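From the sequence below, what's the structure:
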Amino acid sequence: QVQLVESGGGLVKPGGSLRLSCLGAGGLLFEAYAIHWFRQAPGKEREGVACISMSGDATSYGDSMKGRFTISRDNAKNTAYLQMNSLKPEDTATYYCATDLLDYCTNGPMDLWGEGTLVTVSS
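Numbering: from 1, shown residues only. Coordinates of the predicted model:
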């Protein structure tokens, strides 16, 4: 069964950093697809965080993440990453990786989601 598995969440102080990972597993042709990161805080709507194209040559970010978050991927390891710096309490959320099984970043519906990893930013 193809799946995406997130890891790397945890508790971090404001101003700190975390790196999240998204592993493609179960035979997923990871290198063929763009990978998206989303997040959802309690009581809030899900929002797009970042996206990286199949080859990694194109990326996009949500406005509040620009300059602080960096998305990358290592197709040899079937893994995408989200480096998060200068974290703020409002970054607290469950972070999900997903793909719409296309090779470039779009705003369409996702076809495959991970189960998420919780990031808590608090002193």
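
only C-alpha atoms for contact and neighbour calcs from this point on.
Noted.

Tell me, what's the model's pLDDT at the residue nearest the centre of the chain?
The chain has residue 37 as the residue nearest its centroid, 2.8 Å off, counting by CA atoms, centre = their mean. On pLDDT, residue 37 comes in at 98.

and what of residue 11?
At residue 11, pLDDT is 98.

Use 38 as the first number for this chain going forward.
Noted, 38 is the first residue going forward, which turns the last one into residue 48.

What residues are bridge-paired with it?
Beta-bridge pairing of residue 48 under DSSP bridges involves residue 157.

ok, the residue lying closest to residue 78 once chain neighbours are set aside to residue 43 distance?
In space, and not counting its chain neighbours, residue 78 is closest to residue 130: 4.1 Å by CA to CA, 6 or more residues apart in numbering. Relative to residue 43, residue 130 is positioned 13 Å away (CA to CA, to the nearest Å).

swap in residue 96?
From residue 96 to residue 43 the distance is 19 Å (CA to CA).

When those two are compared, which one has more neighbours?
residue 43 (25 against 18; other CA atoms under 10 Å).

how about the closest residue to residue 89 other than its chain neighbours, what does it touch?
Residue nearest to residue 89 in three dimensions, not counting chain neighbours: residue 96, with 4.4 Å by CA to CA, 6+ apart. Taking CA atoms under 8 Å, 6 or more residues apart in numbering, we find residue 96 in contact with 87, 88, 89, 90, 108, 142.

Out of these, give me the one that has the most neighbours.
residue 88 (29 neighbours).

Tell me if I am right that that one is in a helix.
No - checked against DSSP: H, G, I helix; E, B strand; the rest coil, residue 88 lies outside a helix; its state is strand.

Mind listing the residues bridging to it?
Taking DSSP bridges as the rule, residue 88 bridges to residue 73, residue 97.

What of residue 55?
residue 121.

Tell me if I'm right that it and residue 121 touch.
Yes - contact criterion CA atoms under 8 Å: residue 55 and residue 121 qualify, at 5.3 Å.

pLDDT value on residue 57, please?
98.

scratch that, residue 64 is what I was asking about
For residue 64, the model assigns a pLDDT of 89.
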